[in-house]
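Trainee: after the sequence you'll find the predicted model.
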Amino acid sequence: MPVLQSRLDTRAEQYQKNRQEMFAKLEFLDELYEQAAQGGGEEAMARLKSRDKMPVRERVAHVLDPDSPFLEISPLAAWHSHFTIGSGFTVGVGVIEDVECVILGHDPSVQAGAMNHFNSKKLMRGLEIARENRLPYVQFVESAGADLRGGGGRRGGGERKPMTPEEERLAFERGVAESLRGSTGHFAESGRLFYEITELSKMRIPTISVVFGVSTAGGAYQPGMSDYNIFIRGRSRVSLGGPPLVKMATGEDADGEELSGAEMHTTISGLGDYLAETELDGIRMCREVVRHLNWRKLGPGPSMPADPPVYDPDELIGLVGEDLTIPFDMREVIARIADGSRFEEFKPLYGPTLVCGWASIHGYPIGILGNNGVLMSESAEKASQFIQLCNQIDVPLLFLHNITGYIVGTDFEQRGITKNGSKMINAVSNSTVPHIIVICGASYGAGNFGMSGRAYGTRFSYTWPTAKIAVMGPKQQAGVMTIVQRAAAQRRGLDFDEEANGKRVEQVEYQLEEQSKGLFATSRVADDGMIDPRDTRDIIGMSLSACHNNEVRGTKEFGTWRM
């Protein structure tokens, strides 16, 4: 397979400028990751420690195999909202006893592990990853159920006041009331989680719960629906309603341990399968359960030489800058993520605005599609054929985004851009091999769809800090609005206020620009996380390994398209 020849000049002024801009973005991201790791803040974390409880990330670290990585999903969810960064849940893919698992952990330092709109989306995404990639599902449960308070916590930094034990108790009971009313969106989302856990079990995908604390309402149904349950003596309490609710509903003065304690559930009710003495003991039992699963991957293992790229992945730092109108060659990305920088390009002389070809990453064969300009009719046709070919040979697809969309205009319509663009979207929609996307630059409009955006069943999707995602570019969108409004004024015989429109356009452009930034998208759980460009190769490799837990099988059956 040919080795790509890089033409990247790392001494160029533009490269150095891009590099400085990227380092500034990465420094800001590090600050946000640090805030996410702080959970509910120093005081809340100190309170956990005083109760001999581990923070959720420490629990995850203990369950993972030594020195194995954790591919965290949407760690910056809820940034720039009224909720704590990360939104109180930790979700990701990690290795336990040599088995890749989806791991979800409630953070008890953030509103008692209650579910809200943001972390419900993270939770559902974790379940989706487990289902599509056939990964055992491990959940560390300590949840007050649904959150009714409408948010709170740090917004972009600072401390929030942690809940007192009485406030925690009230949160648990409010969670029960919420489950009875079903009046909010995230209740519907969290309710779906019970179905999804059961669905995993039906698909012979194991589900394991370790209950670390009080779990009521929706938090109780998580172990209730799991295959294996590990409770901790004196810590785990699982019930649909705590003692105060039982008192109000039935008049009974219930004892907390008799009603919901770990010993009761492991000796009397049978909800608990294993009784641990400490948190670490419970984590040890979790690892033992995973060990006996006799888990086998259905997809093939790495089959190609996994030698490192010829070109240094660190050079990706200066490839893309703030100004996405400055083009870059996607082959430079491929040269720094592919094994040995090898790349067999498909149709290199046809449809040059889309690069297609075969490579391998960490030994896994993969087909790559990368944007080198707007999608023309010829490049869309090439993509459709390439996607079909990869499905014929059961090879996953990697989409590298830097796309403003499909070309528009009279001449291009007459040459079939709508017809051929539809072919490409049809091919993407019907493809059954795993799709992984990395948005390096722009990803606008239907170009996002054609490049297998999140809406197209993509197994994993990531963004670089330079990414922008929107219906169209902010300037273009504001310009379209101006044209439409000017035409409407003309039809009515009214004068068009250019000055007022200028101010409106400025405001709209600013708002659209902010909302198009990759950080905004990742904070709304529109992707699986914003990554350091230098980590792209390893993250794709981890994603491919996770995908290969399931069958990697393409299709020869595609929907009807106009040939």
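Mentor: Received, thanks.
Trainee: quick check: phi and psi at Asn549.
Mentor: phi -70, psi -30 (degrees, to the nearest 10).
Trainee: residues contacting it?
Mentor: Neighbouring residues of Asn549 by C-beta atoms under 8 Å, 6 or more residues apart in numbering: Glu100, Asn133, Arg134, Leu135, Lys297, Leu298, Gly299. (Each C-beta comes from the backbone N, C-alpha and C, glycine too.)
Trainee: show the buried residues in these.
Mentor: Glu100, Asn133, Arg134, Leu135, Lys297, Gly299 (16 or more other C-beta atoms under 10 Å).
Trainee: am I right that the first one is in contact with Leu544?
Mentor: No - at 11.1 Å, Glu100 and Leu544 do not qualify as touching, with contact defined as C-beta atoms under 8 Å.
Trainee: least confident secondary structure element in this protein?
Mentor: helix 165-181 (a mean of 45; mean pLDDT, DSSP states H and E).
Trainee: residue closest to the middle of this protein?
Mentor: Asp528 (1.9 Å; C-alpha atoms, centre = their mean).
Trainee: which residues of the stretch 151-300 of the chain fall in helices?
Mentor: 165-181, 185-202, 218-224, 243-250, 256-260, 262-264, 279-291 (DSSP state H, counting those that start in this stretch).
Trainee: thinking again about what came up before, give me the pLDDT value at the residue nearest to the centre of the chain.
Mentor: At Asp528, the pLDDT value in this model is 97.
Trainee: can you name the residues that contact the nearest residue to it once chain neighbours are set aside?
Mentor: Closest residue in space to Asp528, ignoring its immediate chain neighbours: Ile73 at 5.0 Å, by C-beta to C-beta, 6 or more residues apart in numbering. By C-beta under 8 Å, 6+ apart, the contact list for Ile73 reads Val91, Gly92, Val93, Lys122, Arg125, Gly126, Ile129, Asp528, Gly529.
Trainee: which pLDDT value belongs to Ile73?
Mentor: So, for Ile73, pLDDT stands at 97.
Trainee: my read is that Phe449 contacts Gly457, right?
Mentor: No - contact criterion C-beta under 8 Å: Phe449 and Gly457 do not qualify, at 11.9 Å.
Trainee: looking at these two, which is more packed in?
Mentor: Phe449 (19 against 14; other C-beta atoms under 10 Å).
Trainee: show me what contacts Ile208?
Mentor: Pro136, Tyr137, Val138, Gln139, Ser226, Asp227, Tyr228, Asn229, Ile230, Cys286, Val289, Val290 are the contacts of Ile208 under C-beta under 8 Å, 6+ apart.
Trainee: can you do 7 Å?
Mentor: Pro136, Val138, Ser226, Asp227, Tyr228, Cys286, Val289 (C-beta atoms under 7 Å, 6 or more residues apart in numbering).
Trainee: again with Gly234
Mentor: Gly234 neighbours (C-beta under 7 Å, 6+ apart): Ala262.
Trainee: pLDDT below threshold where in the chain?
Mentor: 112, 144-191, 472-474, 476, 509, 562-563 (pLDDT under 70).
Trainee: distance from the chain centre to the longest helix seen in it, please.
Mentor: Ranked by residue count under DSSP state H, the longest helix found in the chain is helix 13-37. Helix 13-37 has its C-alpha centroid displaced from the chain centroid by 20 Å (C-alpha atoms, centre = their mean, to the nearest Å).
Trainee: ok, residues contacting it?
Mentor: Counting by C-beta under 7 Å, 6+ apart, 9, 57, 75-76, 79, 85-86, 154, 157, 317-322, 326, 465, 530, 532 sit against helix 13-37.
Trainee: what's the spacing between the residue nearest to Asp528 and Glu288?
Mentor: Note on Ile73: its distance to Glu288, by C-beta to C-beta, to the nearest Å, is 26 Å.
Trainee: can you check Arg454 too?
Mentor: 36 Å.
Trainee: what does Gly357 give?
Mentor: 45 Å.
Trainee: which helix or strand contains the nearest residue to Leu400 once chain neighbours are set aside?
Mentor: Excluding the flanking residues, the one nearest Leu400 by C-beta to C-beta, 6+ apart is Gly370, at 3.8 Å. Using DSSP states H and E, Gly370 falls within strand 364-371.
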